[in-house]
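Participant: I'd like to go over a predicted model; first the sequence, then the structure.
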Amino acid sequence: MTDTQRGAWCYRALLRAYPPHYRTRFADDMLDTFLCDHARVTQRGLMSVMAFWVVTVVQAVWFGSRERRSGGAPSGVPTPPGGSRFSVWPDIRHAGRLLARSPLFAVTSILSLALGLAATTVIFTLTDSLVMQQSPGVREAGRLVDIGRSSNGSGFDNMSYPVFQYLRDHAQTLESVSATSFSPVPLSLATDDRAERIFGQLVSASFFDVVKVQPAAGRFFRPEEDDNPDNASVVVLTHRIWTERFAGDPGIVGRTLRLNNHDFLVVGVAERGFEGPTMLGTDVWTPVGSVGVVRGEAQSTLLTTPRAVWHTAIGRLAPDATADQAQAELQTLLATFRADTPSVPDDHGIAVAPTGRLPAAIRLPFSVFFGLLFALTGGLLAIACSNVAGMLLARATARHREIATRLALGASRRQLLAQLMTETLVLFVVSAVVAVPIAMWLAGFLQASLPALPVPVELDLAVGGRALVFALGLSLVAGLFFGLAPARHALRTDLAGALHGHASTVSRSRFRTRHVLVVAQVALSLTLVVTAGLFVRTLAAAADISPGYRIANVDVVSLDTTLAGAEGEQAVRLIERVVEELRTVPGVVRVGHSRMVPLQGGGMGLGGVRIPGLPDDASDRLNDADWDIVSPTYFDTLEMPVVEGRAFDSADRVGRPLVAIVNETFARTAWPGQSGVGQRFWQTDGIDDEGRPLEVVGVVRDAKYRSISEPQAPFIYVPFAQQQQPDNEVSLFISFGGAPDLGPSVRQAIARVDPGLPVVQHQSFREATTIGLLPQRIAAWVAGIVGSVGLFLAALGLYGLTAFLVAQRGHEIAIRMALGATLGQVQGMVLRQAGRLAVIGGVIGLVLAAGVGRVVQSLSLLVDVRATDPMTFGGVVVLMAVILLLASLFPARRAARTDPALALRSE
Amino acid sequence: MGIATLKPAVFHILLALAEGDSHGYAIMQTVREQSGGRVPLQTGSFYRHLSGLIDAGLVAEAPAPRQPEDPRRGTHYRLTPLGREALERERQHLAALVSSMNTIRKGAR
């Protein structure tokens, strides 16, 4: 839905406020003029759009109700008496008039509520698109389950193909099941003169049956294309790449594409919109049988090795089966399989989870993170709501006499309650309407600020119909919840007393409600500001942490030698020539390369680690070590100190003894108290349990690999010339002096070596590493906005309360002053009352904030900052104290300046 | 009618229509330009005034000349003789006001 369509939809809904005869006459024309205005206003920016919507809603509601009342009703249709479906219109009109009469109250309430609603709606949109919605094209998605491997009963990870085959052939609880690679794999698509990178997903033949997707052209895979690599050179295209890349060529089926230097026959195109069941998109699908080609391993044993885990599975439950039953059955099947195939590790189990747009493997951390964001924005909304509730309470007191009069004149309490609730609900609904453009803008901003991700991600953050319903529903629920107490207080009136003017004796409970609201506001805003503070401190600390290598003045250039058709020894020589050529570029100081770019959140494994005689826990730790494949100059280029032994050199090639360099943590864990240099460990790949021995030639200083916040973990480096990976991705690190734009000269240098070797990506190292702190950035951003707005609202709330207290106690203050109290004493009295609330709220807030801090810490979102960081907590407390003091000082001073005679006479 | 003057928005709408038949959005824009933005009109308030004028017989729907360069489908409106009369009366009324003010100024001099 475009903005215009959305606007038209909203306005059409608004037009229902008008009576039918008016609508038949003008609705079409009004929609036209509205849309013209809307288009005009949209160009003027957010504030104009918001103002425009407010006016539009108020006018529709207001004039609509007047038209209804002015009785343009077609003759012959009697206007039903009170209690009819239109009986709320007078109430709404009345509510509108009251709001218009106190514009400051209306604007403050509407804006603060709208901000809270907008922030919550944006998080809802994010969560909705990732968690609640299904990917387009998938049918009966509720019956789909993700199937993976659990370790020791928990987790969700890749499984091996032989295990999958066994489960596929024996499972009764699954109607169909397909293997699928977790994330899309980069492929090189060769065209006449160049190579380009696309993404492919490996699936087995039943994949499209499982998701119930139809071909738009041709066919999908056949079972014989699964298990036998010789039959597997076929490919299915997404509708998108077919239309965009191949211009919708009607003869595409039967054409041959050159992928990773192999010919693949296009057998079909999937139906429009479908790009896979998760948020990770793809361009093409190839059968699991092609795994060797896709991953560049000509002699792949992945299809036959029970220990090689490299894919997950997606299944459709049989008609009567549940996910739990499927899990139990698959677990049993795995045990049977293991009895025949001892090489399947004992701690492996089967994990089954409902399929969603978030792949099951990363669902838990994402969900917790979204929960945190919801809590933050919900906190802001709660502050805004309690602020409004406080103001409504104050107004209830001020309207004491009006309500008493109406009750005395015979209005029923129910009628009055309905009217008061209508007033509140109008306020909340208008806020929801104002919130929509703010939410759209925030969502657009959020999407625009996402960095480039290494895999294609389909994430549509457009605020759509569901989000609108959410915003409106949330505002109604909040309105009912926070409006009921003030309304009931307003009605709990001592008639005689109020009419006789004894309005100063306000019920204790009304006070108490307001006190609770202010305490809650202070507590919540303190929590929000502390949370924001923790994230800001984290970002600052992360900027200060030395990752253990040089980031400044380094560019990262990604290459893929398979795109130039170079593999094995050829690739090594090609990259060596590229490095030499790059060294000649003016400004370039050093050039090194590795397979991985650190701090991008991921790591790479090249097999297990076996060291005879090592205790189990140390052995497990080393098995989890990340690996990287680097060039001899890598450590030098990134200024990583080799603390013992040597770096790799050009003599470490195929045919020479296999070598490795480990970090300090690895050396300490593997050989405590000894030097790591000269030691050996075995690199196992699960095929033969012995593995091959690697000799440690050097130990480097620990550094941060996956993220800046990780604890020290063991790490292994191996030389590019000895341990090539089939996909041959290479990240060149180029350090330079000064700040020249290396882009063109680097490209030229690479083209001089091989014109067919494209630069996949060129970015600064700093840019490349920002993705690692993305969650912190988003959280700091959300918490920062939410926290500062919340703080402002809490100050406003305390100001309102103090002013209200002063007004209520005007009589008492006057008497005190008449009896000789000084200005200072009166001020102090008022401040003490406000201060007590602030302190109670503050203490509760500190406890809450410490709790949030713990949660954030347990998500490893904090870097070098304690959950109860004294700087943050202390700073926020001081900040809050100053702001709250100021907020209550003004009314207190005003109280002290009251002329006692005046106040006493007015009673 | 005598002293009763037209509301500014109503006056400007009549004035806009005096230039020729037009459709809703064009009238609204003309009013905005004519009044230099001093008459704030939005869709809701504009149609409220317009329906009042139609009910009072000052404005009527006009057969819409379909113009190829204008894609909007809006209904066209025209000034009725009664509407012209009202506008003319307003003109006379304002002219009378201006001339009496001029008299006062001259007297003061």
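Facilitator: That came through fine.

Participant: Apart from its neighbours in sequence, what residue is nearest whatever residue of chain B ends up closest to chain A?
Facilitator: Across chain B, no residue is closer to chain A than B:Gly44, which sits at 3.0 Å (C-beta to the nearest C-beta). Bear in mind the C-beta positions are built from the backbone N, C-alpha and C, glycine included. Leaving aside its sequence neighbours, B:Gly44 sits nearest to A:Gln59 (C-beta to C-beta, 6 or more residues apart in numbering or on different chains; 3.0 Å).

Participant: contacting residues for the one you found?
Facilitator: B:42-45, B:48 (C-beta atoms under 8 Å, 6 or more residues apart in numbering or on different chains).

Participant: same thing but at 10 Å, please
Facilitator: A:14, A:17, A:96, B:42-48 (C-beta atoms under 10 Å, 6 or more residues apart in numbering or on different chains).

Participant: Also B:His12?
Facilitator: Taking C-beta under 10 Å, 6+ apart, we find B:His12 in contact with B:6, B:27-28, B:30-35, B:38-39, B:41, B:49.

Participant: from these, which is closest to A:Ala321?
Facilitator: B:Met28 (62.4 Å; C-beta to C-beta).

Participant: What strand or helix carries the most centrally placed residue in chain B?
Facilitator: With the centre of chain B defined as its mean C-alpha position, the nearest residue by C-alpha atoms, centre = their mean is B:Leu14, 2.0 Å away. Using DSSP states H and E, B:Leu14 sits in helix B:8-18.

Participant: average pLDDT across that helix?
Facilitator: Regarding helix B:8-18, the rounded mean pLDDT is 87.

Participant: now it, how far from the centre of its chain.
Facilitator: On the basis of C-alpha atoms, centre = their mean, to the nearest Å, helix B:8-18 sits 1 Å off its chain's mean C-alpha point.

Participant: cool, and stretch A:123-140?
Facilitator: 13 Å.

Participant: list the buried ones in that stretch?
Facilitator: By 16 or more other C-beta atoms under 10 Å in any protein chain shown, the buried positions in stretch A:123-140 come out as A:123-130, A:133-135, A:137-138.

Participant: The residue of chain B closest to chain A: what's it in contact with?
Facilitator: Residues counted as contacts of B:Gly44 (C-beta under 10 Å, 6+ apart) are A:14-15, A:17-18, A:30, A:33-34, A:55-64.

Participant: Just the residues you listed: which are in helices?
Facilitator: A:14, A:30, A:33-34, A:55-64 (DSSP state H).

Participant: out of the residues you listed, who's nearest A:Ser675?
Facilitator: A:Val57 (75.2 Å).

Participant: Surely that closest one and A:Pro437 touch.
Facilitator: No. The criterion here is C-beta atoms under 10 Å, and A:Val57 misses it with A:Pro437 at 11.9 Å.

Participant: A:Gly142 contacts A:Pro354, doesn't it?
Facilitator: Yes. Between A:Gly142 and A:Pro354 there is a contact at 7.6 Å, judged by C-beta under 10 Å.

Participant: The residue of the stretch 351-500 of chain A found nearest chain B: neighbouring residues, count only.
Facilitator: Minimum separation of the stretch 351-500 of chain A from chain B (C-beta to the nearest C-beta) falls at A:Val433, amounting to 13.7 Å. A:Val433: 23 surrounding residues under other C-beta atoms under 10 Å in any protein chain shown.

Participant: can you check A:Thr633 too?
Facilitator: 19.

Participant: what does the stretch 1-150 of chain A have sitting close to chain B?
Facilitator: Contacts of the stretch 1-150 of chain A with chain B, taken as C-beta under 10 Å from any C-beta of the partner chain, map to A:11, A:14-15, A:17-18, A:22, A:25-38, A:40, A:52, A:55-64, A:66-67, A:70, A:72.

Participant: Apply 7 Å and report the result again.
Facilitator: Counting by C-beta under 7 Å from any C-beta of the partner chain, the stretch 1-150 of chain A comes close to chain B at A:22, A:26, A:29-30, A:32-34, A:36-37, A:55-56, A:59-60, A:63.

Participant: Dump those into JSON lines; add pLDDT as well.
Facilitator: What follows is the residues of the stretch 1-150 of chain A next to chain B, written out as JSON lines (pLDDT from 0 to 100):
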{"residue": "A:Tyr22", "pLDDT": "87"}
{"residue": "A:Phe26", "pLDDT": "86"}
{"residue": "A:Asp29", "pLDDT": "85"}
{"residue": "A:Met30", "pLDDT": "88"}
{"residue": "A:Asp32", "pLDDT": "86"}
{"residue": "A:Thr33", "pLDDT": "87"}
{"residue": "A:Phe34", "pLDDT": "88"}
{"residue": "A:Cys36", "pLDDT": "86"}
{"residue": "A:Asp37", "pLDDT": "86"}
{"residue": "A:Val55", "pLDDT": "80"}
{"residue": "A:Thr56", "pLDDT": "84"}
{"residue": "A:Gln59", "pLDDT": "82"}
{"residue": "A:Ala60", "pLDDT": "82"}
{"residue": "A:Phe63", "pLDDT": "84"}
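
Participant: Now, of those residues, which are buried?
Facilitator: Judged by 16+ other C-beta under 10 Å, buried ones among those: A:22, A:26, A:29-30, A:32-34, A:36-37, A:55-56, A:59-60, A:63.

Participant: Mind picking the two most distant members of the residues you listed?
Facilitator: A:Tyr22 and A:Cys36 (20.0 Å).

Participant: Please give me every residue in contact with A:Glu225.
Facilitator: A:205, A:231-232, A:234, A:287, A:289 (C-beta atoms under 7 Å, 6 or more residues apart in numbering or on different chains).

Participant: Which one of those is nearest to chain B?
Facilitator: A:Val234 (49.1 Å).

Participant: what pairs with that closest one across the strands?
Facilitator: Assessed by DSSP bridges, A:Val234 has beta-bridge partners A:Leu265.

Participant: For A:Leu861, give its distance to chain B.
Facilitator: Counting by C-beta to the nearest C-beta, to the nearest Å, the gap from A:Leu861 to chain B is 46 Å.

Participant: ditto for A:Ser764
Facilitator: From A:Ser764 to chain B the distance is 49 Å (C-beta to the nearest C-beta).

Participant: Name the residues of chain A found near chain B, please.
Facilitator: A:22, A:26, A:29-30, A:32-34, A:36-37, A:55-56, A:59-60, A:63.

Participant: re earlier: can I get the buried ones among the residues of the stretch 1-150 of chain A next to chain B in a markdown table including distance to A:Ala179?
Facilitator: Conversion of those to a markdown table gives the following (distance: C-beta to C-beta, whole Å):
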| residue | distance to A:Ala179 |
| --- | --- |
| A:Tyr22 | 62 |
| A:Phe26 | 60 |
| A:Asp29 | 59 |
| A:Met30 | 57 |
| A:Asp32 | 55 |
| A:Thr33 | 57 |
| A:Phe34 | 53 |
| A:Cys36 | 55 |
| A:Asp37 | 55 |
| A:Val55 | 58 |
| A:Thr56 | 54 |
| A:Gln59 | 59 |
| A:Ala60 | 55 |
| A:Phe63 | 62 |
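
Participant: so which of these comes closest to chain B?
Facilitator: Comparing those against chain B with C-beta to the nearest C-beta places A:Gln59 closest, at 3.0 Å.

Participant: measure that closest one to A:Arg101 for me?
Facilitator: 17 Å (C-beta to C-beta, to the nearest Å).

Participant: how about the helices in the stretch 351-500 of chain A?
Facilitator: Assigned by DSSP state H, counting those that start in this stretch, the helices in the stretch 351-500 of chain A fall at A:363-398, A:400-408, A:413-448, A:465-491, A:495-499.

Participant: I'd like to know which of the ones you listed is closest to A:Val855.
Facilitator: Set against A:Val855 and scored by C-beta to C-beta, those come closest in helix A:363-398, at 6.7 Å.

Participant: so where is the stretch 301-450 of chain A shaky, pLDDT-wise?
Facilitator: Flagging of the stretch 301-450 of chain A using pLDDT under 70 yields the residue ranges A:449-450.

Participant: residues near the closest residue in space to A:Arg488 that isn't next to it in sequence, how many?
Facilitator: What sits nearest to A:Arg488 in space, not counting adjacent residues and going by C-beta to C-beta, 6+ apart, is A:Leu417, at 7.3 Å. A:Leu417 sits with 15 neighbouring residues when counted by other C-beta under 10 Å.

Participant: Right, I'll leave it there.
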